[in-house]
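Peer 1: What shape does this take:
(one chain, ligands or ions: 2)
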Amino acid sequence: MGNRNLYLSNTPVEEALSTYIDALKGKIAASSETIPTIEALNRVTKSAVYAKYCSPLYNAAAMDGVMVISSHTNGASEGKPLDLVPGRDYKIIDTGDPISPPYDAVIMAEDLIELGDGKLRIIASAAPWDHVRPIGEDIVAGEMILPSNHLIRPIDIGVLLSAGILNLEVIKKPRVAIFPTGTEIIEPTEKPKEGDIIESNSRMFENMVNVKGGIAFRFPPVEDNYDKIKEKVAAASREYDLVIVNAGSSAGTEDFTVHVLRELGIVIIHGVAIKPGKPVILAIVNDKPVIGLPGYPVSAYIGFENFVSPVLSMYLDQKMIAKETGIEAIMAKRIVSSLKHKEYVHVKVGSVGEKIIAAPLARGAGAAMSLVRADGFCVIEQNSEGLEAGEKVRVELYRSLEEIRNTLVIIGSHDLMIDVIADMMPNRYKNMYISSTHVGSMGGLMALKRGEAHMAPIHLLDENTGAYNVTYIRQMFSNQVAIIRGVGRVQGFIVKKGNPLDIHKIEDLKKNRYVNRQRGAGTRILFDFMLKKAKLDSAEINGYANEMTTHMAVAALVQSESADVGLGIQSAAKAMGLDFVPVGLEEYDFAIPKEYLELECVKAFISILKSEEFKEKLTELGGYTGDHLGEIINL
Ligand SMILES: Nc1nc2c(c(=O)[nH]1)N[C@H]1C(S)=C(S)[C@@H](COP(=O)(O)OP(=O)(O)OC[C@H]3O[C@@H](n4cnc5c(N)ncnc54)[C@H](O)[C@@H]3O)O[C@H]1N2
Ligand code: MOO
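Peer 2: Ligands and ions are numbered 1, 2, ... in the order given. Predicted structure coming up:
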């Protein structure tokens, strides 16, 4: 197998990190630089900062009015008013003006009675230093304003400048070089062809580095060429504080990273017991940390968080304190995990009744959208075989608990209209959100049954009566669940533009490649019903076993020529620039336990369904009727 790296180690994460940190000790230390105060936001002080000036710098009027000699005002009262002569007894001043001897107090403008000719009458005496801010009231020259290791905020910059500090010593930002590698990698501006992968990881790293307090230097992709990678890494390790080499970390014939790093320096660890992220490389070249991160985006992200972040913290003199953002939730679905590694599972989180539910998202290392959609993640430790549905799990949150509590949890069949409502929700109702998980209609009803969703979008045909939804809900829930009426939805064949294969009726599918929906999906039930009516056997349909979980996935397959036809909704065909042959109208409604009808987020949902704006959006999407939107059927 030539140069493949077939023997990755499986070092536990904590051990890998501490071995690496130990190897870097003495090589990495926080250093400092002096920068202008006005550019110091989010930097960290290296040493304590002491005030150069007092603030205020002089005795200053705290109010608009007149400055007086307090002893001259003694005895003034309502019964015995006192008149003040300009020049002799008082001088007009504004807030912030200096108070100069012999004056020592301020009387506010509203406490003065004007007598004309500049004469002023007062009916109360002024005590020394009344309404005067004495020198150094806020800051005294020589006093400490900020301690060392302090993260500089906007108010700190204001105070530093008031105290005469124009420059200050801060911890130097580590300079991080980022090299994407791979001959298949193209820049996002290029047009991709088959086999090309659009470069995205380095842009993610670049921003992660900057957010964490480093300075990222991102380089263009380097092709899979041993000498080129070697040349770049060798030069970068001399010039930068940390080097990230992305991809080429595992066992492919063109995975050169580890060989290059072995030649240039020492590889401390190759292979960590973590998933995703296993083929991480922790190396030292020219006394600098060089970290090889896997190419898959989720692996890359998790590798960065676990290994690059701690090294950045060493440079920034920050303690690696885990933030306490965890909550206890109930796992919605069984997860099996290997004893070989610690696994990161991204989840959507919702609060239903008393429960906080965590629903696992796609677990693939390439599933970048799982990171985008995630409300948080949970860790399945190396010594665990996984979690059962209903088991308690700790979730580290990316969103606030408040947002999660204001989230309407929708689990069931997917339709583009849910995305439209999810987008309208926080616009119309501040701080209300929708989380939708797509598991098909039956899956949605099962989630309601387990108390893990507020509502389930369904379109389930009763093959005996031809009616939608009611039968299933009655059977499963007797009278505890109501229906919020949704849309009439045109189902039809999604075909290539211009319908070149001339597909019109179900019999036409026999000659063509079909793409099916998963068992339990309403569209699948409709398709099986159509087959039965036409007296066709599923074995006669080429592609019957090819199951996709969304309308869009079906349309995407037809568009990419991997299939000729699929059953689905018009909006999906339209979104993919495909043609559509209508075969029937189905009812797509929302099943909801009656107790949830009173929830604020449900009321908001219903009012959006009933809004004109939503109806207009449905017309734009095409393929819907909306005569009963938002009506409630109490079964
Ligand atoms: N036989 C084995 N195969 C693989 C193993 C293994 O142990 N034995 N490990 C798997 C695991 S786990 C992972 S993770 C990946 C790691 O892959 P590499 O780090 O070697 O990266 P590539 O194979 O070059 O790329 C993987 C994937 O990621 C895409 N990629 C790469 N760079 C970028 C970028 N800058 N932006 C966006 N996407 C990128 C690349 O095109 C590939 O699709 O290996 C498994 N294989
Ligand atoms: O690191 Mo890979 O992503 O473990 O699957």
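
Peer 1: Give the full set of residues in contact with residue 629.
Peer 2: Contact partners of residue 629, counting by C-beta atoms under 8 Å, 6 or more residues apart in numbering, are 485-487, 609-610, 614-615. (Each C-beta comes from the backbone N, C-alpha and C, glycine too.)

Peer 1: for residue 422, helix, strand, or coil?
Peer 2: helix (DSSP: H, G, I helix; E, B strand; the rest coil).

Peer 1: that older thread, out of the contacts of residue 629, which comes closest to residue 231?
Peer 2: residue 614 (57.9 Å; C-beta to C-beta).

Peer 1: Mind pulling up the pLDDT for the closest residue to that closest one other than its chain neighbours?
Peer 2: Spatial nearest neighbour of residue 614, excluding adjacent residues (C-beta to C-beta, 6 or more residues apart in numbering): residue 608 at 5.5 Å. Per-residue pLDDT puts residue 608 at 97.

Peer 1: And the contacts of the host helix or strand of residue 608?
Peer 2: Per DSSP states H and E: residue 608 is located in helix 600-610. Applying C-beta under 8 Å, 6+ apart, the external contacts of helix 600-610 come out as 406-408, 421, 424-425, 428-429, 432, 434, 454-455, 484, 486, 592, 596, 614, 629-630, 632.

Peer 1: Now it: buried residues?
Peer 2: Buried residues in helix 600-610, defined by neighbour count with 16 or more other C-beta atoms under 10 Å: 601-602, 604-606, 608-609.

Peer 1: just how off-centre is it within its chain?
Peer 2: Centroid displacement of helix 600-610 relative to its chain, using C-alpha atoms, centre = their mean, to the nearest Å, is 25 Å.

Peer 1: go on, stretch 454-463?
Peer 2: 31 Å.

Peer 1: got the buried residues for that stretch?
Peer 2: 454-461.

Peer 1: again with stretch 476-488
Peer 2: Burial within stretch 476-488, assessed by neighbour count using 16+ other C-beta under 10 Å, is assigned to 477, 481-488.

Peer 1: Run a quick neighbour tally on the residue in the stretch 501-635 of the chain that ligand 1 sits nearest to.
Peer 2: Closest residue of the stretch 501-635 of the chain to ligand 1, C-beta to the nearest ligand atom: residue 560 (17.3 Å). Residues lying near residue 560 (other C-beta atoms under 10 Å) number 9.

Peer 1: Return the distance of it relative to residue 367.
Peer 2: Distance from residue 560 to residue 367, counting by C-beta to C-beta, to the nearest Å: 19 Å.

Peer 1: what's the angle between the one helix or strand residue 584 maps to and helix 600-610?
Peer 2: Following DSSP H and E, one finds residue 584 within strand 579-593. Interaxial angle, strand 579-593 versus helix 600-610 (axes from the mean of the first three to the mean of the last three C-alpha atoms, to 10 degrees): 150 degrees.

Peer 1: Each with direction, which strands does strand 579-593 pair with?
Peer 2: strand 456-458 (antiparallel), strand 481-495 (antiparallel) (DSSP bridges).

Peer 1: can you map out the helices along the stretch 401-550 of the chain?
Peer 2: For the stretch 401-550 of the chain, the helices defined by DSSP state H, counting those that start in this stretch cover 401-405, 416-428, 440-449, 470-477, 522-533.

Peer 1: residue contacts, residue 445?
Peer 2: By C-beta under 8 Å, 6+ apart, the neighbours of residue 445 are 412, 456, 458, 472-473, 476, 591.

Peer 1: Just give me the closest of those to residue 354.
Peer 2: So of these, ranked by how close each gets to residue 354 (C-beta to C-beta), first place is residue 456, at 19.3 Å.

Peer 1: Tell me the pLDDT of the closest residue to ligand 1 within the chain.
Peer 2: Residue of the chain nearest ligand 1, by C-beta to the nearest ligand atom: residue 295 (2.6 Å). For residue 295, the pLDDT comes out at 95.

Peer 1: number of nearby residues for it?
Peer 2: Counted by other C-beta under 10 Å, the residues lying close to residue 295 total 24.

Peer 1: from what I can see it touches residue 246, true?
Peer 2: Yes. Using C-beta atoms under 8 Å, residue 295 is in contact with residue 246, at 6.5 Å.

Peer 1: Name the residues contacting each of the two.
Peer 2: With C-beta under 8 Å, 6+ apart as the test, residue 295 and residue 246 both reach residue 201.

Peer 1: Reformat the buried residues of stretch 476-488 as a markdown table; add distance to ligand 1.
Peer 2: Below are these laid out as a markdown table (distance: C-beta to the nearest ligand atom, whole Å):
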| residue | distance to ligand 1 |
| --- | --- |
| 477 | 43 |
| 481 | 43 |
| 482 | 46 |
| 483 | 44 |
| 484 | 41 |
| 485 | 44 |
| 486 | 38 |
| 487 | 38 |
| 488 | 42 |
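
Peer 1: near ligand 2 too, which of those residues?
Peer 2: When contact is defined as C-beta under 6 Å from any ligand atom, those do not meet ligand 2 at all.
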